[in-house]
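>>> I need the structure of the sequence given here:
(2 chains)
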2 protein chains.
Amino acid sequence: MGVGSLSIIVNALPSALCMSLIVQKYGGTSVATVAHLDNVARRIIATQAKGHDVVVVVSAMGHETDRLDDLARQVGITPETHREVDVLLSTGEQVTTALLSMVLANHGCRARSYTGGQIKILTDSAHTKARILDIECERLQADLDSGVVAVVAGFQGVDENGNITTMGRGGSDTTAVAMAAALEADECRIYTDVDGVYTADPRIVKNAQRLDSITYEEMLEMASLGSKVLQIRSVEFARKYNVNLRVLSSFEDGLGTLITDEDENMEAPLISGIAHNRDEAKLTIVGVPDMPGVASQILGPIADVNIEVDMIVQNMGLDNSTDFTFTVHRSDYDKALSVLQKTAKDIGAKGVSGDNTIVKISVVGVGMRSHAGIANTMFKALANENINIQMISTSEIKISVVVTEKHLELGVCTLHTTFGLDNEKVL
Amino acid sequence: MGVGSLSIIVNALPSALCMSLIVQKYGGTSVATVAHLDNVARRIIATQAKGHDVVVVVSAMGHETDRLDDLARQVGITPETHREVDVLLSTGEQVTTALLSMVLANHGCRARSYTGGQIKILTDSAHTKARILDIECERLQADLDSGVVAVVAGFQGVDENGNITTMGRGGSDTTAVAMAAALEADECRIYTDVDGVYTADPRIVKNAQRLDSITYEEMLEMASLGSKVLQIRSVEFARKYNVNLRVLSSFEDGLGTLITDEDENMEAPLISGIAHNRDEAKLTIVGVPDMPGVASQILGPIADVNIEVDMIVQNMGLDNSTDFTFTVHRSDYDKALSVLQKTAKDIGAKGVSGDNTIVKISVVGVGMRSHAGIANTMFKALANENINIQMISTSEIKISVVVTEKHLELGVCTLHTTFGLDNEKVL
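Numbers count the residues shown, from 1 in each chain, chains lettered A, B, ... in the order given. Take a look at the predicted model:
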């Protein structure tokens, strides 16, 4: 998948020659104020002027969701009030759809707003974290056929009884992808405040490069490792329904990064990027009597208090006892530690230790599947810089290591150089 | 209709003995903040505790509608964007329904919020000033049957194509009355920041009294004359569907004022109240050649620029020409004056004069129908105080006069005393 050839394909897509349907999604920073809406409207009109049909999905403006969430917290949120929290929060996106449709109309562009209920974005009934089941397309299709831009409220839907539901933070990305899938759109463009996906965090690696394209699998690994450009669920959705997903900036022009299926005909780059995550903490329980079921005895109580576990490593010791290490989100560290201390007593372990000053660094790339030796190259590069590896975890297209926090920048930069990601790519 | 006997009937209504359905409506000042919602919830729960079924209709909180309206104005409102203005404004009431339902739930009261679309408050498609055509009651009835309080967003509905509509300022009153009519409720209670309808404005007449009851007709005359307690349309609606409508305070206890049908069996008081209106201005076109169609020649151009005319008086002069006087809302005075000046030229009138320092004072009472001499009593009382009457207009149950602004207080107080409305009523 050569970068040069790919960008030609990308340039060909939005041309006036091939009429196509584009779903555009604008996030909270892109629609922060009424003034921002003008910019968004201009982008929509320009896309339409190129001969495309356009469906727009919007988030709530700026900090509106936070404001509504604060009102809910003042009243008090309980499981019994989740239905009403959804009714409350869904107004944020509705406001944006109305105002953007007005701005478009004032620019001479025919537009119509829709709530999740009006076009029937059917979800399950899991309030505050609902999942999309189906989208009725008749009304949208009628608008498209008559040249009207449909402006759809993201993040919300209705269940089969007409109750308003929401999909959790970042849900508007999923709405956009689902809409693109339902309408069989040619592309789903997620406009945000970054201009694409990078080979590493540009704040850490100065000569990180924007990727022209990346596979769904790689993006999933990048996203879950802290490159918080897109909601993970929307990428899963895009992969499932084979939606071409493009991340790009709403503030400057550019092609962004296309997230798409792996193309068998092109040679994949070995490594797409170096991801990192600062939000981790490590816990170890030592001298655990080794017997079947010990892992669930340790992790069961952690799951019971709703703490998510990321990496897990278990080593057998010499004395028939085992050391068991796992990582959690840093904000869960104190809670996890106290749960683990209790567990240690219950199962007769020797003790518990923890460290909330660790980070995770990962190399991600589909090329890994067919190339041996990536892990060794990675470990050697880190060793050359005297960086000690505390934990290792691997998947088909990713190798992650845990190192101490102070080695984050050095580790990421070293690996970025080692795998040829600096400046011009070397395959 | 003796005051004493009526209040007994009123006291009997909310007793625990007769299970009944009460629609309660809370306006913007009653739900201004999250703290206010606690007070409202307590009132709802107390009503339910007496054995009543309760449906609640709410307005937007405090100045929320103004905030949304300001956003719309920043973007620019045109007839083409009225559909979207409705989508925008309707979120205000939706927020209140969600928060109030949450507060109720946190007090242990089962409650469920509804948008106008969810329970299908069907309206025509006249965006920003829609009229209710029908309300589907199945869902509300199911809630009532299972002891759930339904909290309905006022002011909004949907047209037959599912587009969101709103009914104009004060529309929540109409929603409440329409809901009471559809559900055949025993009473529709409008909670506001005043504790009822008074015989005159208490800020002007110190010993004005709260009326225990008033007829629909009287209330319509009072409301249109400036006693701005209720939206006029809601009173018309209540009369049409014979809904018992009660205005009362959400901040203090009390029975408020019941607005209901005239009871033939009771003796009506002669005069129910003295209303006034400061928002008027008077325009006169003099020396109009008297011929058929002159009234429409004068008022046609006024109507064409959307100015509403209130009182109209025409006098024939001696020289076969006529003087034509009418009143408009004071904010329309300048525009009306310039239209009238053009008309005067067109039809060959002698000239135009105007006065935007006039007020209207009215005596209102259904007793007027069967009692002669009310007008004479009124004019004599004003003459005794040396108050000059500039215009007179009468209806079946109302006599209005226009006087100069500085005579407002004296005129209202004099008439209040003359018609025995001070302190204890004298019939």
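
>>> pull the CA atoms of the top strand by length along chain A into CSV?
Assignment by DSSP state E gives strand A:273-289 as the longest strand of chain A. Extracted C-alpha coordinates of strand A:273-289, given in CSV (Å, rounded to 0.1, in the frame of the first residue of the first chain):
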residue,chain,number,x,y,z
GLY,A,273,2.8,3.7,13.9
ILE,A,274,4.0,3.9,17.4
ALA,A,275,1.2,4.3,20.0
HIS,A,276,1.5,5.1,23.7
ASN,A,277,-0.7,5.3,26.7
ARG,A,278,0.1,7.3,29.8
ASP,A,279,-3.1,6.3,31.7
GLU,A,280,-1.9,3.0,33.0
ALA,A,281,-1.0,1.6,36.3
LYS,A,282,0.5,-1.8,37.2
LEU,A,283,-0.4,-4.1,40.0
THR,A,284,1.4,-7.3,41.0
ILE,A,285,0.4,-10.0,43.5
VAL,A,286,3.4,-12.2,44.4
GLY,A,287,3.7,-15.7,45.8
VAL,A,288,0.3,-16.9,44.8
PRO,A,289,-0.1,-20.7,45.5
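
>>> and the next helix or strand along the chain from it with strand A:273-289, angle?
Beyond strand A:273-289 on the C-terminal side, the first helix or strand identified by DSSP states H and E is helix A:294-304. Using axes from the mean of the first three to the mean of the last three CA atoms, to 10 degrees, the direction of helix A:294-304 lies 120 degrees away from that of strand A:273-289.

>>> on contacts alone, who are the packing partners of helix A:294-304?
Under the contact criterion of 3 or more CB pairs under 8 Å, 6 or more residues apart in numbering or on different chains; DSSP states H and E, helix A:294-304 touches strand A:273-289, strand A:309-316, strand A:321-329, helix A:333-347. No exception for glycine: its C-beta is placed from N, CA and C like everyone else's.

>>> at 7 Å what do you get?
Under the contact definition 3 or more CB pairs under 7 Å, 6 or more residues apart in numbering or on different chains; DSSP states H and E, helix A:294-304 sits against strand A:309-316, helix A:333-347.

>>> what's in contact with that helix?
A:285, A:288, A:309, A:314, A:322, A:324, A:336, A:339, A:343, A:347 (CB atoms under 7 Å, 6 or more residues apart in numbering or on different chains).

>>> out of these, which one sits closest to residue A:400?
Closest approach between the contacts of helix A:294-304 and residue A:400, by CB to CB: residue A:309, at 13.9 Å.

>>> tally of neighbours for the closest one?
Residues contacting residue A:309 under the criterion other CB atoms under 10 Å in any protein chain shown number 16.

>>> Show me the shaky parts of the stretch 251-400 of chain A.
A:263-269, A:317-318 (pLDDT under 70).

>>> and it, which residues reach chain B?
Within the stretch 251-400 of chain A, no position is adjacent to chain B by CB under 7 Å from any CB of the partner chain.

>>> what residue ranges in the stretch 101-250 of chain A score low on pLDDT?
Those would be A:223-228, if you go by pLDDT under 70 across the stretch 101-250 of chain A.

>>> How about the secondary structure of the most far-flung residue of chain A relative to its centre?
Ranking residues of chain A by C-alpha distance from their mean position (CA atoms, centre = their mean) puts residue A:319 at the top, at 43.2 Å. Three-state call for residue A:319 (DSSP: H, G, I helix; E, B strand; the rest coil): coil.

>>> Show me what counts as buried in stretch A:104-123.
Judged by neighbour count using 16 or more other CB atoms under 10 Å in any protein chain shown, the buried positions of stretch A:104-123 are A:104-106, A:109, A:111-123.

>>> From the chain's centroid, how far away is it?
How far stretch A:104-123 lies from its chain's middle: 25 Å, per CA atoms, centre = their mean, to the nearest Å.

>>> Also stretch A:310-322?
Counting by CA atoms, centre = their mean, stretch A:310-322 comes out at 32 Å from the chain centroid.

>>> ends of it, how far apart?
With CA to CA, to the nearest Å as the measure, the first residue of stretch A:310-322 is 19 Å from its last.

>>> buried set for it?
A:310, A:311, A:313, A:321, A:322.

>>> what about the nearest residue to residue A:127 once chain neighbours are set aside, distance to residue B:255?
Nearest residue to residue A:127, sequence neighbours excluded (CB to CB, 6 or more residues apart in numbering or on different chains): residue A:82, at 3.8 Å. Remark: distance between residue A:82 and residue B:255 (CB to CB, to the nearest Å) = 38 Å.

>>> same question, residue A:66
From residue A:66 to residue B:255 the distance is 43 Å (CB to CB).

>>> quick one, which of these two is more surrounded?
Legend: neighbour count by other CB under 10 Å for residue A:66 and residue B:255, higher for residue B:255 (18 against 12).

>>> closest to residue A:231 among the buried residues of stretch A:310-322?
Nearest member of the buried residues of stretch A:310-322 to residue A:231, counting by CB to CB, is residue A:310, at 17.9 Å.

>>> For that closest one, which non-adjacent residue is spatially closest?
Closest to residue A:310 by CB to CB, 6+ apart is residue A:327, at 4.6 Å.
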